[in-house]
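*Asks:* Sharing a model that was predicted from the sequence below.
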Amino acid sequence: MSSRIVLPSLPNWTEQRLTAIFRATNPADFDAAFDAFVAPDAHITVNGKPLSHAQYKQRFASEKLEERAQDPAQVAFSGTVAAPATANESGGVGAVGAFYKATIFGRFFVFGGPTSSTVSASLNLVVADDMTLHAPRLPGGDFDGRRATVVNEVSVDNATPITLPHSSTKA
């Protein structure tokens, strides 16, 4: 007897998928996490400018390029809200908005600590079932075919300031 899996709600799905992208520690995991989040034909706008799927993926990759595998990014969500696509939809597909900050640690050290930058973003998505994907034909397998088909992001990436040590000698 097989039963259907319970899919995460839109807010949880969004948080899980974004966190997986930022915390991926190798190119294969990053590609899998990104491709599970954004549909290949998604309409993407970042800071008011349209981007292709490949450009958006590269933007995420460049934010993580110098990340050290032993110190994955920290992602914190300030809030996530979702609206189902239809009134009788249980929250599987629809629109979702999220505010988040991701602190990405670099591989270089300054005064004993890793360099870092913080991505602050507001993200609005339309999430739909991606009909180009096909569920595996395994009994009892879990499959979530949802992808972001529309992405509208406003974000900034700020390097964390480096504070030089100083001595407090009195004359």
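*Replies:* Happy to help now that I have it.
*Asks:* Run through the residues that contact the residue lying closest to residue 81 once chain neighbours are set aside.
*Replies:* Leaving aside its sequence neighbours, residue 81 sits nearest to residue 97 (CB to CB, 6 or more residues apart in numbering; 5.3 Å). C-beta coordinates here come from the backbone N, C-alpha and C atoms, glycine included. Contacts for residue 97 were tallied using CB atoms under 8 Å, 6 or more residues apart in numbering; they are 80-82, 122-125.
*Asks:* Please, where are all the strands along the chain?
*Replies:* 38-46, 49-51, 74-84, 94-110, 113-129, 146-159 (DSSP state E).
*Asks:* Quickly list what the residue nearest to residue 81 is bridged to.
*Replies:* Following DSSP bridges, residue 97 is listed with bridge partners residue 81, residue 124.
*Asks:* how close does it get to residue 126?
*Replies:* Counting by CB to CB, to the nearest Å, the gap between residue 97 and residue 126 amounts to 11 Å.
*Asks:* Residue ranges in this structure under the pLDDT threshold?
*Replies:* 1-5, 62-71, 87-91, 106-115, 131, 134-143, 159-171 (pLDDT under 70).
*Asks:* Tally up the residues packed near residue 13, please.
*Replies:* Residue 13 has 24 neighbours, counted by other CB atoms under 10 Å.
*Asks:* surely it meets residue 7?
*Replies:* Yes - shown here, residue 13 and residue 7 form a contact pair, counting by CB atoms under 8 Å, at 7.2 Å.
*Asks:* what's the overlap in contacts for the two?
*Replies:* Each of 144, 146 lies in contact with both residue 13 and residue 7 under the rule CB under 8 Å, 6+ apart.
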